[in-house]
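*Asks:* Kindly generate the corresponding structure for this input.
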Amino acid sequence: MMKCIYSPTQKKHYPESFLVNGERQPNPETPQRVDLLLAGAQAAGMTVVEPADYGTEAIARVHSPEYLTFLAKAYARWERIPGAAKEITPNIHPIHRDLTYPASVVAQAGFHMLDASAPVTAETWESAIASAHSAIHAAETVLAGEDAAYALCRPPGHHAGADYAAGFCYLNNSAIAAEHLRQKYAKVAILDVDLHHGNGTQDIFYARNDVLTISLHADPVRFYPFFWGSANETGKGDGAGYNLNIPLPRGTRDDDFLTGLETALDRIEEFAPDAVVIALGLDAYEGDPIAGLAISTEGFGTIGHAIAQRIKAPMVLVQEGGYPCAELGDNLAQFMAGFSNT
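*Replies:* Coordinates of the predicted model:
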């Protein structure tokens, strides 16, 4: 039976609000997500295993030293500012990222935090590291010979780039897992089925041809992350042709999503990877609070079955989005039932 890798430390991080349309709104990326997802994992018969402490070596293969230092130390520095808010949110951003790296923690926040939806709290670093360790442990499980493993990562990761946080994401767990698998496997594919485009993952591997990145997501023309995720983004340099985006109309339901998924699976078969990472967002659900696509609970089972039926390489499944609603655990359980029933 597949293992579910998860650390309770991942629940500590919780920025209570984020900026939406200029207003502070309650943050849907809550610790409650963990309880719902754990219930789904247990309903699917998975055994929950805590990850080992892998330090930062594997994480540093993906993220820059300056960014990791910022995440580890920023909050202690921020607290020393008179009158500062209890959570770090940037109020200035550089127009170019190739300028002088600033010394001020306020300016570093603007440099390393792409938007206002990934505030940093006193517990963010500890929880983000534990989340990344869950992804690494799942990759280690596959490297040790298991066919698949599931990392219950929270906070999620696919919007985080090599040196920036964004969209509730701090460390890119899917990219970290893929890079860790590269220690053994020459070619790795990442298939992202989250509601939102995995812009951080795309950025990290955009000029490489050893990691194929594919994302199915709501069309970003009027949807987060807005600036990434179009079909014409196909990679650059050595990576030209190794990024595939499949933007879907808002409200897309099961059948049309599965049509897009078949296109993604065709490309994966053509690439013939030695291992695959599934960035498993469940926020494409029709009842998800963020509401962009309209996948049914049964549809997640069909998606899981289609992936397992077509991909025969070892797989690491990394939890991305999926926000608190009564069906969140059921959606995970359905995906895993479909995935296992091949």
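*Asks:* Any stretches of the stretch 201-342 of the chain with poor pLDDT?
*Replies:* In the predicted model of the stretch 201-342 of the chain, residues 342 satisfy pLDDT under 70.
*Asks:* What's the local residue count around residue 63?
*Replies:* 23 (other Cβ atoms under 10 Å). Backbone N, C-alpha and C define where each C-beta goes, glycine included.
*Asks:* unless I'm mixing things up, it is touching residue 169, no?
*Replies:* No. Using Cβ atoms under 8 Å, residue 63 is not in contact with residue 169; the gap is 11.6 Å.
*Asks:* Mind listing the shared neighbours of these two?
*Replies:* Both residue 63 and residue 169 are contacted by residue 160, under the criterion Cβ atoms under 8 Å, 6 or more residues apart in numbering.
*Asks:* Tell me the predicted confidence for residue 122.
*Replies:* Looking at residue 122, its pLDDT stands at 98.
*Asks:* residue contacts, the nearest residue to it once chain neighbours are set aside?
*Replies:* By the measure of Cβ to Cβ, 6 or more residues apart in numbering, the closest residue to residue 122 outside its immediate chain neighbours is residue 75, 5.1 Å from it. Residue 75 makes contact with 88, 120, 121, 122, 124, 125 under the criterion Cβ under 8 Å, 6+ apart.
*Asks:* Please apply the same query to residue 129.
*Replies:* 56, 59, 171.
*Asks:* who wins for most neighbours among the residues you listed?
*Replies:* Of those, with other Cβ under 10 Å as the count, residue 171 tops at 30 neighbours.
*Asks:* helices or strands next to the helix or strand encompassing residue 35 in the packing?
*Replies:* Taking DSSP states H and E as the definition, one finds residue 35 inside helix 32-43. Contacts defined by 3 or more Cβ pairs under 8 Å, 6 or more residues apart in numbering; DSSP states H and E place helix 32-43 against strand 3-5, strand 47-49, helix 328-340.
*Asks:* if we can go back for a sec, what is the nearest of the contacts of residue 75 to residue 165?
*Replies:* residue 120 (7.4 Å; Cβ to Cβ).
*Asks:* any chance you could read off phi and psi for the closest residue to the closest one other than its chain neighbours?
*Replies:* Residue nearest to residue 120 in three dimensions, not counting chain neighbours: residue 88, with 4.0 Å by Cβ to Cβ, 6+ apart. Phi and psi for residue 88, reported as degrees, to the nearest 10, are phi -80, psi 120.
*Asks:* Touching, residue 88 and residue 119? I think so.
*Replies:* Yes. With contact defined as Cβ under 8 Å, residue 88 reaches residue 119; the gap is 5.9 Å.
*Asks:* Neighbour count for those two, which is higher?
*Replies:* Per other Cβ under 10 Å, whichever of residue 88 and residue 119 has more neighbours is residue 88, with 27 against 24.
*Asks:* pull the CA atoms of stretch 150-164 into PDB?
*Replies:* C-alpha atoms of stretch 150-164 as PDB (Å, rounded to 0.1, in the frame of the first residue of the first chain):
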ATOM      1  CA  TYR A 150       2.400  10.400  -1.700                       C
ATOM      2  CA  ALA A 151       3.800  13.500   0.000                       C
ATOM      3  CA  LEU A 152       1.200  15.400   1.900                       C
ATOM      4  CA  CYS A 153       2.900  18.800   1.400                       C
ATOM      5  CA  ARG A 154       1.500  21.800   3.300                       C
ATOM      6  CA  PRO A 155       2.400  24.600   2.600                       C
ATOM      7  CA  PRO A 156       2.200  23.800  -1.100                       C
ATOM      8  CA  GLY A 157       5.000  24.700  -3.500                       C
ATOM      9  CA  HIS A 158       4.400  25.000  -7.300                       C
ATOM     10  CA  HIS A 159       4.100  28.800  -7.400                       C
ATOM     11  CA  ALA A 160       7.500  29.200  -5.700                       C
ATOM     12  CA  GLY A 161      10.500  29.900  -8.000                       C
ATOM     13  CA  ALA A 162      14.200  29.400  -7.400                       C
ATOM     14  CA  ASP A 163      14.300  32.700  -5.400                       C
ATOM     15  CA  TYR A 164      10.700  33.800  -4.800                       C
END
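*Asks:* buried set for it?
*Replies:* 150-161, 163-164 (16 or more other Cβ atoms under 10 Å).
*Asks:* Now tabulate those residues in JSON lines and tack on distance to residue 331, secondary structure and pLDDT.
*Replies:* Output for the buried residues of stretch 150-164, formatted as JSON lines (distance: Cβ to Cβ, whole Å; DSSP: H, G, I helix; E, B strand; the rest coil; pLDDT from 0 to 100):
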{"residue": "150", "distance to residue 331": "14", "secondary structure": "strand", "pLDDT": "98"}
{"residue": "151", "distance to residue 331": "17", "secondary structure": "strand", "pLDDT": "99"}
{"residue": "152", "distance to residue 331": "14", "secondary structure": "coil", "pLDDT": "98"}
{"residue": "153", "distance to residue 331": "16", "secondary structure": "coil", "pLDDT": "98"}
{"residue": "154", "distance to residue 331": "15", "secondary structure": "coil", "pLDDT": "98"}
{"residue": "155", "distance to residue 331": "19", "secondary structure": "coil", "pLDDT": "98"}
{"residue": "156", "distance to residue 331": "15", "secondary structure": "coil", "pLDDT": "98"}
{"residue": "157", "distance to residue 331": "19", "secondary structure": "coil", "pLDDT": "98"}
{"residue": "158", "distance to residue 331": "18", "secondary structure": "coil", "pLDDT": "98"}
{"residue": "159", "distance to residue 331": "20", "secondary structure": "coil", "pLDDT": "98"}
{"residue": "160", "distance to residue 331": "23", "secondary structure": "coil", "pLDDT": "98"}
{"residue": "161", "distance to residue 331": "27", "secondary structure": "strand", "pLDDT": "98"}
{"residue": "163", "distance to residue 331": "32", "secondary structure": "coil", "pLDDT": "98"}
{"residue": "164", "distance to residue 331": "29", "secondary structure": "strand", "pLDDT": "98"}
